[in-house]
Each structure stands twice: as structure tokens, then as C-alpha cells.
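Enquirer: Give me coordinates for this.
(chains A, B, C and D)
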Protein chains: 2
Amino acid sequence: MLLSKSCEYGLRATLYLASLDDDTFTSIRQISDKLDISYHFLTKILQQLTAKGLLESFKGPNGGVKLAKSGKKIQLLEIVEAIDGGELFTECVLGLPGCGMKKPCALHDKWMNRRNGIKDMMESTSLSELSEQSISNCFRITADKGLEEL
Amino acid sequence: MLLSKSCEYGLRATLYLASLDDDTFTSIRQISDKLDISYHFLTKILQQLTAKGLLESFKGPNGGVKLAKSGKKIQLLEIVEAIDGGELFTECVLGLPGCGMKKPCALHDKWMNRRNGIKDMMESTSLSELSEQSISNCFRITADKGLEEL
DNA sequence: TTATTTTAAGACAAAATAGTCCTAAAACTT
DNA sequence: AAGTTTTAGGACTATTTTGTCTTAAAATAA
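Expert: A predicted model of the protein is given here:
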């Protein structure tokens, strides 16, 4: 598994927010219901994103969270690194602590290429880009069974 | 982290065995010492590989484990799938259980390409190929600090 | 036969990840 | 002012992963 559950949930939630494309606050309860993610767990994850400035939050009725900037300007990589950390794109595939340019492990070069490819993919894709595709192609962000909502 | 610790250890151990390039049994104690991996933990991992037919084992003095076939004929993918399972190369990057061709998630196509790339890398690389590189380029399989051994 | 070396197998413990629950604080509503 | 809705934050539990320990069984050696 490349991404932690927390990261998967964080991505799905922010993709959902991007798909709404409005500037009002959306309650975490609504997001967790739509995406079928534990409300309390999702709350903690989105708190992290708020703390890192990727989301803004507001308390009280009509409160909730929203993207801190346009979904067009948030790349997937920002979300992933905020939750799983940047080590994902620097660490050795064999887990050797000292692996690097100077002392590469056996798989270093091959893995680095693939790893950079994944990083590129996430760095070059914005939340909006992906959530628009999700709508136009009936791609799924939510975990529900079918296409009845679109 | 793409691979579990168990899988990292399993790969390093089998790469080490391939580098020895002999047909005798190597004790797990020796492997765990060389690679600085917990002996008991490594034992369990190598037992899995033995159960799946990738290793052969033998008890008693001069016993140990060895590759069941030539390291040239064992691809990295076989080790990885034996330990972490094949789901690594089929599962959705967002963790959506029903994600697939028919109902792809938002990231499905992009991720599938990258994932297949990683799979290709592991499928097209044999243990011997990699362990030979490790020796000729002083690449590291073991976890020790320097190059003093080579 | 007895002791030694090694893998096999399972119980157990520790750490990391995932998930739940409760109370507080902020903002709003009446 | 009092009650309601929502995020914030912490304690707590459950599960999975990682790691340790002990005993058994197989093979060898004395």
C-alpha cells in the first residue's frame, strides 16, 4: 500500500471539496457521510490539513472546512506530503537508512526513476483537474455503489 | 512506504543469497548478522518463502536456506508477491474497494500506469542481476556503514 | 545414546496505524 | 442568556505490523 489510510481519506475528502467548487464551508459530517469515512477519524485528518494551511475551518452552524485556495492551485502532492510526509519520495525501497546518491542500494536507480514518476504524477495533477474528470467520466471519489448520484 | 518491512527484509536476504552464488545452505543466523536484521523475525519471513517454494531449507549443522532455483531465474516480483501479496499491483491508490476498469476512481488511469511500471521493474529484474550490480558497483545490500567488506 | 546445531512453529510483547468517544471552545440561533 | 451546531483536542480502544522468546523437531557429531 503506497499511501496510508489517512492519506487516502484526506485525498478523497479534498477531491470532494474541489468537486463542489464553491467558497462556502462544508461540514465534515457531510463529507464523512458522502465518502463513508468515520467522522471522528476524518476530523483528525482534516485538522492536520487545516493546521498546514491547506484547508480553512470555521466553527458553528454553517461552519465546516473549505479549500484554502482554489482547487486548481492545489496539487495532489501537497495533500500527500502534508499527511504522509515527504519521506515517501525520498526513502529507499529496501528501507536502508543510508541509501542515497553516494551509497545507493541495489535497487536505488531503478526505484528512483519510478518514484519520481509517481511524484511527477502527483505534482502535475491538481485537485480540480481530477475532480472534474471524476464528474465528467462518472469516476468515483465517493465509496458508494453506483452512479445514481450523477 | 511501498513495501512492508517483511518484504524489504525478504528481498535483502534473497539478494544476499543470490550474491553468494553457491549451492550450499546458508544459516539464517549468518544472514541476519550480515544484514543486521532480527534473527527471529527474519526466520519467520524466510519460512514463508520456503513454504511458497522459493527457498529450500535444511535443519541441523551445515543446514540453513538456499534459493530453490538459480538467482537468475527468480525475479524480484516473485519475492514481493510471496510476502506482500499481489494486491499491491491491483489495488486502488485511493483504497476504494470496487475500483477497477468498469468503475475507475479519479486517479485510476494515472496510477495504473505508474503501478504497472513498478511491476515491470520488478518482473524484469532477477535477483542475480541485481546482486551482481551490487558487487560490481559496491552497491549495498547489507546495512553496514561502508565498503570495507568489498 | 547424548549433546549440539539448525529450522519450524507458536505464544507473547511492543510499536505503529486506524478508529472511537468525550469534553471544550467558537459561532450561531432563539 | 441559553441552547445548538460545528471544529479542536485529547484520551482511549482496536487492529495490524513488527519484533522477541520459548519449545519442538530434524539433522549431525561425539
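
Enquirer: Please make it C-alpha for all contacts and neighbour counts, starting now.
Expert: Fine.

Enquirer: Now do the helices in chain A.
Expert: Along chain A, counting by DSSP state H, helices occupy A:5-20, A:28-35, A:39-51, A:76-84, A:108-123, A:127-136.

Enquirer: can you put those in TSV and add distance to A:Val65 and mean pLDDT?
Expert: TSV is the format used below for those (distance: least, CA to CA, whole Å; pLDDT from 0 to 100):
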stretch	distance to A:Val65	mean pLDDT
helix A:5-20	9	97
helix A:28-35	7	97
helix A:39-51	8	98
helix A:76-84	15	98
helix A:108-123	23	95
helix A:127-136	16	87
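
Enquirer: what's the most buried one of these?
Expert: Highest mean neighbour count of these: helix A:5-20, a mean of 22 (counted as mean count of other CA atoms under 10 Å in any protein chain shown).

Enquirer: list the helices and strands it packs on?
Expert: On a contact count with 3 or more CA pairs under 8 Å, 6 or more residues apart in numbering or on different chains; DSSP states H and E, helix A:5-20 meets helix A:28-35, helix A:39-51, strand A:64-67, helix A:76-84, helix A:127-136.

Enquirer: Can you say which of the ones you listed is nearest to B:Lys119?
Expert: For these, proximity to B:Lys119 was assessed by CA to CA; helix A:76-84 is nearest, at 22.0 Å.

Enquirer: Show me what that closest one is packed up against.
Expert: helix A:5-20, helix A:39-51, helix A:108-123.

Enquirer: closest one to A:Phe58 among those helices?
Expert: helix A:39-51 (10.3 Å).

Enquirer: And chain B, is that closest one touching that?
Expert: No - remark: helix A:39-51 sits outside contact range of chain B, by CA under 8 Å from any CA of the partner chain, the gap being at least 14.5 Å.

Enquirer: so that helix versus helix A:5-20, what angle?
Expert: 70 degrees (axes from the mean of the first three to the mean of the last three CA atoms, to 10 degrees).

Enquirer: thought A:Gly64 was touching A:Ser27?
Expert: Yes - counting by CA atoms under 8 Å, A:Ser27 is a contact partner of A:Gly64 at 3.9 Å.

Enquirer: Turn the helices and strands packed on helix A:76-84 into TSV, columns for distance to A:Glu78.
Expert: Output for these, formatted as TSV (distance: least, CA to CA, whole Å):
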stretch	distance to A:Glu78
helix A:5-20	10
helix A:39-51	10
helix A:108-123	8
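
Enquirer: follow-up on the earlier one: mind putting the helices and strands packed on helix A:5-20 in JSON lines, distance to B:Thr14 included?
Expert: Listed next are those as JSON lines, based on distance: least, CA to CA, whole Å:
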{"stretch": "helix A:28-35", "distance to B:Thr14": "42"}
{"stretch": "helix A:39-51", "distance to B:Thr14": "38"}
{"stretch": "strand A:64-67", "distance to B:Thr14": "47"}
{"stretch": "helix A:76-84", "distance to B:Thr14": "29"}
{"stretch": "helix A:127-136", "distance to B:Thr14": "40"}
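
Enquirer: what's the closest of those to DNA strand C?
Expert: Closest to DNA strand C of those is helix A:39-51 (CA to the nearest atom of the strand; 3.6 Å).

Enquirer: For the closest residue in space to A:Thr24 that isn't next to it in sequence, give the beta-bridge partners.
Expert: Ranked by CA to CA, 6 or more residues apart in numbering or on different chains and with sequence neighbours excluded, the top spatial neighbour of A:Thr24 is A:Lys66, at 6.8 Å. Here A:Lys66 sits in beta bridges with A:Glu56, going by DSSP bridges.

Enquirer: In contact with A:Lys66, which residues are there?
Expert: A:17, A:23-26, A:55-57 (CA atoms under 8 Å, 6 or more residues apart in numbering or on different chains).

Enquirer: do the same with A:Met122
Expert: A:75-77.

Enquirer: Report the entries of those residues that also contact DNA strand D.
Expert: The subset of the contacts of A:Met122 within reach of DNA strand D, by CA under 7 Å from any atom of the strand, is empty.

Enquirer: Closest one of those to B:Ser134?
Expert: Nearest to B:Ser134 among these, with distances taken as CA to CA, is A:Leu77, at 32.0 Å.

Enquirer: wouldn't the closest one be in contact with A:Glu123 here?
Expert: Yes - with contact defined as CA under 8 Å, A:Leu77 counts as touching A:Glu123 (5.1 Å).
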